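> below is the sequence, then the predicted model.
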Amino acid sequence: MKIIGKTKAILIEKKAETMIEVVVAFLVMTIVMALFAQGMRYAATAQNFAMEKTRDTDKALKCLQNTVAGKTNPADVAINSSNIDDKDLNINGNKMLKLTKHRVTFQSGGDTNTFYYYVYDADPSE
């Protein structure tokens, strides 16, 4: 009987939510949902940008590997290589390594992408 009495007391109480309270709660919920949707849109855009840059970086590295291996590259890829004189490459008093800077440039999606790679090779003159 005690539980029935409490339930009856709750039902008899005539207090209810006013229309203003409901509208304010709905407005707050709408603002929170709009902010959440904007954040999700921003995250999706950032992810797409990162994936495009990753694909471009992979393409540049594959082109550089093909060049080093003596294979041909696509016509839209330009690779410029230059030797770098570095006094800190002495190993046991002999200069056994040669540092080469490779610049890989290509067009992708209307953008020009340039990547720089530094490669240590055995120096054939030593």
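Yes, it's here. Numbering: from 1, shown residues only.
> point out where this protein drops to low pLDDT.
1-2, 14-16, 76, 84-95, 123-126 (pLDDT under 70).
> quick check: next helix or strand after the top helix by length along it?
As assigned by DSSP state H, the longest helix anywhere in the chain is helix 19-69. Per DSSP states H and E, the first helix or strand lying C-terminal to helix 19-69 is strand 77-84.
> in that next one, what counts as buried?
Residues V77, I79 are the ones in strand 77-84 that count as buried (16 or more other Cβ atoms under 10 Å). Backbone N, C-alpha and C define where each C-beta goes, glycine included.
> so what touches it?
59-60, 63-64, 67, 73, 98-106, 118 (Cβ atoms under 8 Å, 6 or more residues apart in numbering).
> just the buried residues of the residues you listed.
For those, a burial check counting by 16+ other Cβ under 10 Å picks out K59, A60, C63, L64, T67, N73, K98, L99, H102, V104, T105, F106.
> nearest to A37, of these?
K59 (33.4 Å; Cβ to Cβ).
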